[in-house]
Structures are given as structure tokens and as C-alpha cells.
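> this one's structure only:
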């Protein structure tokens, strides 16, 4: 059994755990010769993406374009969970709004802004999101390791200037 909060393997009875690769593993010094202290095995696991949400298209109303400044979100991010953003911007209300259009701070779909803490303004890259009229955002949510905690996004506030 793995403690989902710490990642420490715990065995039943005499502190044994089963491994498909090597069979039973003991974590108890009494079961080994030349053992000085009990030991433990810790499993590491990274946060897991639990989902993403693409917004509808927003019109800044600035015919000559606007500058995207920052994003703030409201909600809850329990320990170990994380929230990231990507943005797609265009001068055409029809986009493109495909997966490649959503970018992070390096201008590619391979990165995201964040992790972004709730109720905290997160500055966007001015060179990537300048002189645009329409935009969409993508929220990427990641659960804590072992999937025990998941963030909740209630509201997103975008700051832009014409």
C-alpha cells in the first residue's frame, strides 16, 4: 500500500510489499541480517493533468487591437494542485482557435503560464499578446500527486489595455 499523502510504501503485518519485478519486499530489519535500521521506499509522482477548459472568444472592442496585460483567477487550489494558462489571440473573430494557437510564454503550445496562484495577477508576455482584438484562454488544471486534491476555478479576470 502507498500512503497517498507521503508516497511511502507500507506493508501489511511484517512490513512487506509486493513487486511484480522482484516479488515480496521487506521493510523490516528483523527480516534481514546485517540490517541496522528499518528503511522505507518512497514513490514519487508528479501532478496529473485532470482537465482543461477553452474559453469562448472575447472581443476587446479595440478596432486597432489591445495589449493583454495579466490574468487573475478566483477559486481554490489545494496543496499540490496547480493551475496554468495558455492564450490564443487573433485579429479575426474566427481565429484560428486550434490547439497550436494556444501558447505559453515562449510562444509555443509546449509551454503554459504558471503555475498561477488564485487571486494573484500573473503578467503575460507583451510581445506575444499585443495589438490583438480577439482572444481565448485555456485553463490547464493539475491534481496533486496521487490525485487526492484538485483545483477549482470559479472565475477568470483578464486585464488588457487599448
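Perfect, thanks for sending it. Here the structure is a predicted model, which means the values were calculated and not measured. Numbers count the residues shown, from 1 in each chain.
> Could you pull out the strands in the chain for me?
Secondary structure of the chain (DSSP state E): strands at 16-19, 23-26, 48-54, 58-59, 67-76, 82-90, 122-123, 134-143, 152-161.
> quick one: the closest residue to residue 82 other than its chain neighbours from residue 159, how far?
In space, residue 82 comes closest to residue 115 once its chain neighbours are excluded; the distance is 4.0 Å by CB to CB, 6 or more residues apart in numbering. Where C-beta positions appear, they are placed from N, C-alpha and C, glycine not excepted. With distances taken as CB to CB, to the nearest Å, residue 115 is found 19 Å from residue 159.
> and what of residue 71?
Distance, residue 71 to residue 159, by CB to CB: 7 Å.
> With neighbour numbers in mind, choose between these two.
Here residue 71 and residue 159 are compared on neighbour count by other CB atoms under 10 Å; more neighbours surround residue 71, at 22 against 14.
> Contact partners for the closest residue to residue 80 other than its chain neighbours?
Of all residues beyond its chain neighbours, the one nearest residue 80 is residue 144 (2.8 Å), with distances taken as CB to CB, 6+ apart. Applying CB atoms under 8 Å, 6 or more residues apart in numbering to residue 144 gives the contacts 47, 78-81, 150.
> do residue 160 as well
Going by CB under 8 Å, 6+ apart, the list of residues near residue 160 reads 60, 66-69, 135.
> Can you add pLDDT and give the residues you listed back as CSV?
Putting those into CSV (pLDDT from 0 to 100) gives the following:
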residue, pLDDT
60, 94
66, 94
67, 93
68, 93
69, 94
135, 95
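> Just the buried subset of the residues you listed, please.
Among the contacts of residue 160, those classed as buried by 16 or more other CB atoms under 10 Å are 60, 66-68, 135.
> which one of those residues sits closest to residue 96?
Proximity to residue 96 was ranked across the buried ones among the contacts of residue 160 by CB to CB; first place goes to residue 135, at 12.5 Å.
> Assess the claim that the closest one and residue 129 are in contact.
Yes. Using CB atoms under 8 Å, residue 135 makes contact with residue 129 at a distance of 7.3 Å.
> Find residues that contact each of these two.
Overlap between the contact sets of residue 135 and residue 129, as judged by CB under 8 Å, 6+ apart, is given by 68, 87, 89.
> Fine, thanks again, bye for now.
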